[in-house]
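Chemist: Fold the following for me, if possible:
(chains A and B)
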Amino acid sequence: MTSAPPGRASALQATGAGRYADPLFKWAAITAGVSVLAVLGLMIGSTTADAWPVFQYQGFVDFFVNDEWRAGFSRTDFTGEYGAFSFIFGTLVVALIAIVLALPLALAVSLYITRLAPRRMKGPLAYTVELLAAVPSVVYGLWGLLYFVPTFLRPVMELLSAALAPVPLLGTFFAGPVYSTNYLAAGTVLAIMILPIITAISREVIAQVPPEQVQAAYGLGATDWEVMRKIILRRSFPGVVGATMLGLGRALGETIAVAMLIGGSQRWGLSLFFGGDAMAAHIANTFQDAAPETVQALIAIGVGLFIITVIVNVLARLLVWRIGRVAGDAAL
Amino acid sequence: MSSLPVTTLAPPRPASEVSSSLRAADPHSRRRRRRSRVMRTVLLAGMIAAMIPLALILIEVGRRGANAFGWSFLTQTEPPFRREGGGYLQGLVGTFYMVTFATAMSVPLGIMAAVYLVEYGRGWLARVIRFFTDVMTGVPSVFVGLFVYALLIRDIGFGTFVGALALSVIMLPIVVRSSEEMLKLVPEDQRAASAALGARRWQTIVKVVLPTARPGLVTGAMLAVARAAGETAPLLLTALGALSVVTAVQGTPQSALTLLIYDGATQPFAPGQQRAWAGALLLLGIVFVFTAVARFVSSRSTVRPD
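Modeler: As a prediction, the model looks like this:
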């Protein structure tokens, strides 16, 4: 329309090949970003495609509610029976035990570190708890299996069983015999493993409580504990729920330590001392001896586990995001 | 770990010294104060209780691991479980091999993705990527193993490459997240100054932003490496395990420290279990050194979260 000079571009505008560098770089960056999504998509696609025939063979609902798991040995078609309820039950029980044990402790630790610890000790204390997250899960498994459970937990479990098994109703959950590897053993070690992630995020959330509110409460004569209970915990409640759910997600997906401690029996029981199996643990325990059809069934368990953990994680992230993105938890 | 400044206001001292105080005389007030004292003790007890497992782990792994640990543990492969002696050479080689491979695949890609999120990412695509990266950090590691199995292993078999691929999928979201945090900390002024000197966008990123954030990027990568070195479940499904040192890139099952520890711990013979403890000592050493160095690097950085 207007009189742009024809021919030569302005002196400030490059003409060499260098002018393509910027768009190229930008597209490389976009590709890298999108590839993260692609990996996730591929993950869902390829496993679901593999698990689909199993769901069709067993029935989608039946796969999750039937508790009869009988591995088949065929290379070409399906001959076994694949009901994963026992493993789903085990996963949920173990994760629940872990949360029940870890949450109060994590709250105590994060309250202590943020509110009560001497200033100089805050950093080292937080660092020590986070060090628990750096311990590989196979080391937890080894330590639990050969040291912690036989030395400490076993006597406690037998005491609990002896004391509580005769109680009506409640006794069902503490009924013997006490197996050396069982739900409670796996749940206890799992509690130690998820303690750092719940603590780290609770600590961030607690540190974000507006100092004015805390000061106002002290000004009205509140004691330390009243400030913690009525101001800090109330204020950071959604964040703590988010932190707990992230811990839950971690607990549901934890594999090797649970595989070493849960028992591995393919059945389920109401007693905490029953040696059952969990979804991730069952995959790890039986994968190496599985025939092709069973491998597909194990992948189907994996898909079920993935669905559960993603739901839990998405809910957790939504809760934690409300208070702003929490840095640093990715490394945990 | 960014955090708001913590309140410096000291909690009010209990007025118990002043006997004439209304606070000390009122039974209700005394009860509240007593409860507060009790709860402070309870919280302290919780703090101590949380330290006990770590202490027990370090002591036991150190004590039992030292028995079978030695030069030969690092230079010999593992004999049958009943026999004493020997070591985890094949696992050390396998772990090193696969983690290096996985780092080469995931770290450049992850940093590039973080560059996108920080430098270019506006609008819904960046939000979606950010959110699903977070979701990916929560995907169970055994599922990643199943994924690589379903995708590749029936076609190309077990081996180093597929093991490394599984590890890189686990490392990727960790690298993206930590790199993103670090790139965000680079001051906007530096980008503006670079642009004012006539640098192109990519030159600004490659020559100014990334070098400024380098210590932080190294920290994130090292934490991801520490995580990958400790993974067992995905390797069980992809590397499978081996009895001797494997150098093949693909097609021959590969070993790893974690796989050897798992096998040694779950079989009933004492010599094998002893080697598992020694392996745990070695693995803990590697992981802790990486974690500590990562912290050290980030503490020397000019741009850092705290």
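
Chemist: Return the set of buried residues in stretch A:94-104.
Modeler: By 16 or more other Cβ atoms under 10 Å in any protein chain shown, the buried positions in stretch A:94-104 come out as A:94, A:95, A:97, A:98, A:99, A:101, A:102, A:103. To be clear about C-beta, it is placed using only N, CA and C from the backbone, and glycine gets the same treatment.

Chemist: pLDDT weak spots in chain A?
Modeler: Residues of chain A meeting the criterion pLDDT under 70: A:1-15, A:321-332.

Chemist: tell me, what residue is most central in it?
Modeler: Centroid-nearest residue in chain A: residue A:250, 1.1 Å away (criterion: Cα atoms, centre = their mean).

Chemist: where's it relative to chain B, distance?
Modeler: When distance is defined by Cβ to the nearest Cβ, to the nearest Å, residue A:250 is 7 Å away from chain B.

Chemist: Not counting its neighbours along the chain, what's nearest residue B:65?
Modeler: Nearest residue to residue B:65, sequence neighbours excluded (Cβ to Cβ, 6 or more residues apart in numbering or on different chains): residue B:281, at 2.9 Å.

Chemist: Let me see the contact set for the one you found.
Modeler: B:61, B:62, B:65, B:66, B:69 (Cβ atoms under 8 Å, 6 or more residues apart in numbering or on different chains).

Chemist: okay if I get the residues you listed as CSV plus distance to residue B:244?
Modeler: Compiled in CSV, the contacts of residue B:281 are given as follows (distance: Cβ to Cβ, whole Å):
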residue, distance to residue B:244
B:61, 26
B:62, 29
B:65, 23
B:66, 26
B:69, 21
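
Chemist: Filter those down to the buried ones.
Modeler: Applying 16+ other Cβ under 10 Å to the contacts of residue B:281 flags B:61, B:65, B:69 as buried.

Chemist: Test for you: state the pLDDT assigned to the last one.
Modeler: In this model, residue B:69 is scored at 92, pLDDT.

Chemist: who touches the nearest residue to it once chain neighbours are set aside in this structure?
Modeler: Nearest residue to residue B:69 in three dimensions, chain neighbours excluded: residue B:278, at 4.3 Å (Cβ to Cβ, 6+ apart). Shown in contact with residue B:278 (Cβ under 8 Å, 6+ apart): B:65, B:66, B:67, B:68, B:69, B:73, B:87, B:88.

Chemist: Between the residues you listed, which sits nearest chain A?
Modeler: Proximity to chain A was ranked across these by Cβ to the nearest Cβ; first place goes to residue B:65, at 9.9 Å.

Chemist: Might one say that the closest one is in contact with residue B:285?
Modeler: No: with contacts counted by Cβ atoms under 8 Å, residue B:65 stays clear of residue B:285, the gap being 9.1 Å.

Chemist: domains for the chain, by residue range?
Modeler: Just going to use chain A. A:20-70, A:86-331 (automatic domain parsing).

Chemist: look at chain B instead
Modeler: Taken from automatic domain parsing, chain B resolves into B:16-68, B:74-299.

Chemist: JSON lines please, covering these and showing distance to residue A:204.
Modeler: What follows is the domains of chain B, written out as JSON lines (distance: least, Cβ to Cβ, whole Å):
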{"stretch": "domain B:16-68", "distance to residue A:204": "17"}
{"stretch": "domain B:74-299", "distance to residue A:204": "13"}
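
Chemist: before we move on, back to that, which of the domains of chain A sits most buried?
Modeler: Mean neighbour count (mean count of other Cβ atoms under 10 Å in any protein chain shown) peaks for domain A:86-331 among these, with a mean of 21.

Chemist: how about the domains of chain A in TSV, adding distance to residue B:174?
Modeler: Shown next, in TSV, are the domains of chain A (distance: least, Cβ to Cβ, whole Å):
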stretch	distance to residue B:174
domain A:20-70	12
domain A:86-331	5
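
Chemist: Residue B:35 is nearest to which of these?
Modeler: Proximity to residue B:35, assessed across the domains of chain A by Cβ to Cβ, is greatest for domain A:86-331 (6.0 Å).

Chemist: Which parts of the chain are helices?
Modeler: Went with chain A since none was named. A:21-58, A:60-65, A:85-111, A:119-134, A:137-143, A:154-164, A:183-207, A:211-219, A:224-226, A:233-235, A:237-253, A:256-261, A:279-286, A:292-321 (DSSP state H).

Chemist: Actually, chain B is the one I wanted.
Modeler: Remark: helices assigned in chain B by DSSP H are B:22-25, B:27-68, B:71-75, B:89-115, B:124-137, B:141-148, B:154-156, B:160-184, B:188-196, B:201-204, B:210-229, B:233-238, B:257-265, B:270-299.

Chemist: neighbours of the residue of the stretch 51-200 of chain B found nearest chain A, just the number please.
Modeler: Residue of the stretch 51-200 of chain B nearest chain A, by Cβ to the nearest Cβ: residue B:140 (2.7 Å). Residue B:140 has 25 neighbours, counted by other Cβ atoms under 10 Å in any protein chain shown.

Chemist: That one against residue A:256, yeah?
Modeler: No: Residue B:140 is beyond contact range of residue A:256, at 11.1 Å (criterion: Cβ under 8 Å).
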